[in-house]
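Student: Sequence first, predicted model second:
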Amino acid sequence: MSVKEFPISTSMTGSVIELQPGALREMHWHPNADEWQYYLAGTAEMTVFLAEATAVTEHFNAGDVGYVPMGAGHYIKNTGDEVCRILIGFNNGNYEAIDLSQWLASNPKDVIATNLGIRESIVNKLPQGKLFAIPPKH
């Protein structure tokens with residue numbers, strides 16, 4: 001719920017995310033807010049990508065708290081056999097996120113190929129739009 005749905009909430013946004021077993025909240029970042037997480041149910045793994053090629057991976061259970069600084073790329077993966085439910089809060093009334101799939105799809109293919117050092121045929125296999133959550137592979 002953001003200021004859009006609850007106008008008095010000018011300095012915070014909140015939501016609950018549910019990930020099915022094995023599902024992944026794709027790599028994304030928030031350009032306008034820090035993210036706090038309270039794990040309500042299930043288990044998860046989160047990796048946060050920080051400056052200077054630093055990545056931190058943590059494992060969470062119900063009752064744990066996670067944090068992601070503004071602008072840091074991160075993903076959350078349900079590592080358990082039950083639904084992982086997370087209460088998420090942001091210190092900005094307007095929710096903003098840039099999902100990796102959306103970012104890749106919005107750039108010219110030759111720019112992606114050149115900057116990632118991959119062939120354009122590989123770029124053609126990347127998602128062409130926002131995914132948000134990726135279901136588990138069976």
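Tutor: Nice, thanks for sending it over. Numbering: from 1, shown residues only.
Student: hey, where'd the strands end up in this structure?
Tutor: Remark: strands assigned in the chain by DSSP state E are 13-19, 24-29, 35-41, 43-50, 54-61, 65-68, 73-78, 84-90, 98-99, 133-134.
Student: what's next to the last one, contact-wise?
Tutor: I take that to be strand 133-134. 19, 23, 24, 25, 26 (CB atoms under 8 Å, 6 or more residues apart in numbering). Heads up, the C-betas are built off the backbone N, CA and C, glycines and all.
Student: The last one touches residue 102, doesn't it?
Tutor: No. Residue 26 is not in contact with residue 102 according to CB atoms under 8 Å; the separation is 9.1 Å.
Student: Now the buried members of the contacts of strand 133-134.
Tutor: Buried by 16 or more other CB atoms under 10 Å: 19, 23, 24, 25, 26, out of these.
Student: out of those, who's nearest residue 48?
Tutor: Of all the buried ones among the contacts of strand 133-134, residue 25 has the smallest distance to residue 48: 12.6 Å, by CB to CB.
Student: quick one, what contacts the closest one?
Tutor: Counting by CB under 8 Å, 6+ apart, residue 25 touches 17, 19, 75, 76, 77, 132, 133.
Student: of those residues, closest to residue 84?
Tutor: Using CB to CB, the contacts of residue 25 come closest to residue 84 at residue 19, 4.5 Å.
Student: what residues are up against the closest one?
Tutor: In this structure, residue 19 makes contact with 25, 42, 44, 76, 77, 78, 83, 84, 86, 133, judged by CB under 8 Å, 6+ apart.
Student: Including mean pLDDT and distance to residue 119, could the strands of the chain go into TSV?
Tutor: Output for the strands of the chain, formatted as TSV (pLDDT from 0 to 100; distance: least, CB to CB, whole Å):
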stretch	mean pLDDT	distance to residue 119
strand 13-19	95	32
strand 24-29	94	21
strand 35-41	98	34
strand 43-50	97	24
strand 54-61	97	26
strand 65-68	98	32
strand 73-78	97	24
strand 84-90	98	36
strand 98-99	93	23
strand 133-134	79	23
